[in-house]
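Trainee: Provided below for reference: sequence and predicted model.
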Amino acid sequence: MTTTIEAATALFTDLTGRAPDGVWSAPGRVNLIGEHTDYNDGFVLPFAIPHRTYAAVGIRDDGLGRVRVASTFADAPVEVSLDELDELFPTPSGTAPGVPEWAAYPLGVAWALRQAGADGRGLDIAITSDVPVGAGLSSSAAIESATASALNDLWAAGLDRTALARVGRRAENEAVGAPTGIMDQMASMLGEPDAAIFLDCRSLDANLVQVGIAEAGLAILVMDTRVKHAHSTGGYGERRAACERGAAIMGVPSLRDVSVDDLARAEELMDDVTFRRVRHVVTENQRVLDTVKVLREEGPRSIGDLLVASHASMRDDFEISVPELDTAVEAALGAGAIGARMTGGGFGGAAIALIEQDAVQQVTDAVNAAFAASGFAAPVIFTVTPSAGARRDA
């Protein structure tokens, strides 16, 4: 069976007739808790997962200053000149990128690196991935982080991991046109085995928090509903606009500056929808802080109620869940999960459940049965463990 890294190398060789200069990879992520808090300067607690995107990359020797990207999930490569990147990007708000969206991620990284002062010769890039696309597991950040790591090395840009995460976020925001925060890129760049990343999205201070899942006899189950989501479509942008509106009403730079104690005043000042959006972010920030405290003091068995409360807030206040996500969460809890919640941007994607290691099959069967009873397509269910971040593999 061909591995993902071998597939990237083979694709590069098919494209160019030679071996790549190297292969770099970066993981997707699961967000343990802290949804839609990142672009509100708040707190998040993601971890990198074993599923990775690989970029086989080589400097071109034709002197033409062109960059070509190919992928196993696209029919044909896309090629542009490096100078043309400044004409393609940034992508005007509300419009599609000037290249196929999949290619806007790696090309956007090349553009953002050049905007950050990097300079280098033309490149060929071949991308493969086993990160599920559209599942809320940050397949896009994995592409960005693998590409940024490769170009940082080959162009001798000398940027650290946090700077590369900023490059990835700029590519996603301004090249692809998706108004996301920086959580996904930071998780993909900074991940470590058996640790979550407690990230302050205002200062970008990142601290590793040992989660101790396996040591506690637990597992994290991902339940991919296979309902596709896309951050660049309207629902995500509408939620972000509501958060910005709420912050303006409260007279603060961002919802990071609103506390749970401020919610009574916020309710008096805002319409119902804006208030509920604000309430989710403010209470979710507090849940992240509480989860970090509980993990450090009591361990992972004690965070279940916080996960459940997070899902309820996303379902009722932020309104980003869908029936399939609710069904996955309810079925997992009914089958004995310690906690469960949807993870990612919402409007589809995946939910996670914290379960006993010996209950994987039991919970999987319960979720599959619930989906069948509801007439939903079968979900894809698998376990994940906190894993390493971006790296050079070859």
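Mentor: Arrived safely, thanks for sending.
Trainee: Nearest spatial neighbour of residue 394, chain-adjacent residues omitted?
Mentor: Spatial nearest neighbour of residue 394, chain neighbours left out: residue 23 (4.1 Å); criterion: CB to CB, 6 or more residues apart in numbering. From N, CA and C alone the C-beta is placed, and that goes for glycine too.
Trainee: Pretty sure that neighbour sits against residue 52.
Mentor: No - counting by CB atoms under 8 Å, residue 23 sits too far from residue 52 to count as a contact (10.7 Å).
Trainee: quick one on the thing from earlier: assign a three-state SS to the residue nearest to residue 394, would you?
Mentor: The local conformation at residue 23, judged by DSSP: H, G, I helix; E, B strand; the rest coil, is strand.
Trainee: Report how many residues lie close to residue 372.
Mentor: Applying other CB atoms under 10 Å, we find 11 residues neighbouring residue 372.
Trainee: so where's this protein shaky on pLDDT?
Mentor: Residue ranges of the chain with pLDDT under 70: 1, 229-233.
Trainee: Spatially central residue for it, please.
Mentor: residue 138 (3.1 Å; CA atoms, centre = their mean).
Trainee: Now do the contacts for that residue.
Mentor: Neighbouring residues of residue 138 by CB atoms under 8 Å, 6 or more residues apart in numbering: 28-29, 131, 184, 187-188, 344.
Trainee: go on, residue 63?
Mentor: So residue 63 contacts 121-122 (CB under 8 Å, 6+ apart).
Trainee: repeat for the one 4 residues further on
Mentor: Contact partners of residue 67, counting by CB under 8 Å, 6+ apart, are 79-82, 85, 107, 110, 122-125.
Trainee: can you tell me which helix in the protein is longest?
Mentor: Taking DSSP state H as the criterion, the chain has its longest helix at helix 272-297.
Trainee: Would you map the helices across the protein?
Mentor: 4-16, 85-88, 101-115, 139-154, 161-170, 183-190, 234-250, 263-269, 272-297, 304-316, 323-334, 360-374.
Trainee: how close does residue 203 sit to residue 256?
Mentor: 10 Å (CB to CB, to the nearest Å).
Trainee: Is residue 223 in contact with residue 353, as I believe?
Mentor: Yes - look at residue 223 against residue 353 with CB under 8 Å: they come within range, at 6.7 Å.
Trainee: list the residues that contact both of the two?
Mentor: 328, 332.
Trainee: returning to that earlier point: just the closest of the contacts of residue 138 to residue 65, please.
Mentor: residue 188 (28.2 Å; CB to CB).
Trainee: ok, so what distance separates the nearest residue to the closest one once chain neighbours are set aside from residue 250?
Mentor: Of all residues not flanking residue 188 in the chain, residue 145 sits nearest, at 4.0 Å (CB to CB, 6+ apart). Look at residue 145 and residue 250: by CB to CB, they are 34 Å apart.
Trainee: ok, those two, which is more surrounded?
Mentor: residue 145 (38 against 19).
Trainee: looking at the helices of the chain, which is closest to residue 34?
Mentor: Using CB to CB, these put helix 272-297 closest to residue 34, at 4.2 Å.
Trainee: The closest one: which residues count as buried?
Mentor: Using 16 or more other CB atoms under 10 Å as the test for burial, helix 272-297 gives 274-288, 291-292, 294-295.
Trainee: what's near enough to touch residue 199?
Mentor: Residue 199 makes contacts with 38, 43-46, 183, 186-187, 205-206, as judged by CB under 8 Å, 6+ apart.
Trainee: taking the contacts of residue 67 as a set, which two sit the farthest apart in space?
Mentor: For the contacts of residue 67, the maximum inter-member distance is 15.4 Å, found between 85 and 124 (CB to CB).
Trainee: Give me the distance between residue 208 and residue 246.
Mentor: Distance, residue 208 to residue 246, by CB to CB: 31 Å.
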